[in-house]
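S.K.: This is a predicted model, with the sequence first.
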Amino acid sequence: MAIREVRQMGDPVLSKVCKEVKEMNERTQILIEDMFDTMYEANGVGLAAPQVGILKRICVIDCGDDPICLINPVVLETSGEQTGQEGCLSVAGKAGVVTRPNYAKVKALNEDMQEVIVEGEELLARALLHEIDHLDGHLYVEKVEGDLFEVTYEEDEE
Ligand code: ZN
């Protein structure tokens, strides 16, 4: 397991469009494992490959139910609306209010390069759309209503 450095806003890698993954190989498998490790270490609910400096269309999400790995994800459908607080591991210590669809349906490949459909509401829909935005070089701060604000988290009891 390896924790990778999370790139912060202002790093040019975060505004690039990522490339499709054509085949699974050991290098990409290790990247995905590292992305999960890095996301859990930072207590995040999602992480996209460009956040660790890799311009591939891969993201990982875990909203507390199941770990999800999405390769070459495409949004098929969205509906409804939700307005709520959103943060990003690449915008450390800050959050902002963002309105997004309340439901999203996404087509992607899993780690075995098999097609999967993932659909979610509320937090999962928000996470799916936030992470897929990263793959096209977009950060949530472009969609924030009002100003970003500081957030503080309780220190781990270690
Ligand atoms: Zn993010």
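M.R.: Cool, the structure landed.
S.K.: Give the full set of residues in contact with the residue nearest the centre of the chain.
M.R.: Note on the chain: the residue nearest the mean C-alpha position is Glu131, at 3.0 Å, using CA atoms, centre = their mean. By CB atoms under 8 Å, 6 or more residues apart in numbering, Glu131 lies in contact with Gly46, Leu47, Ala48, Cys59, Val60, Ile61, Leu70, Pro73. Placement of C-beta: from N, CA and C, glycine included.
S.K.: Gly146 now?
M.R.: Gly96, Val97.
S.K.: for it, helix, strand, or coil?
M.R.: The three-state label given to Gly146 by DSSP: H, G, I helix; E, B strand; the rest coil is strand.
S.K.: Against which helices or strands is the longest strand seen in the chain packed?
M.R.: For the chain, the longest strand by residue count, based on DSSP state E, is strand 68-79. Applying 3 or more CB pairs under 8 Å, 6 or more residues apart in numbering; DSSP states H and E, we find strand 68-79 packed against strand 58-61, strand 103-109, strand 115-121, helix 122-135.
S.K.: out of these, nearest to Asp34?
M.R.: Smallest distance to Asp34 across the helices and strands packed on strand 68-79 (CB to CB): 9.8 Å, for strand 58-61.
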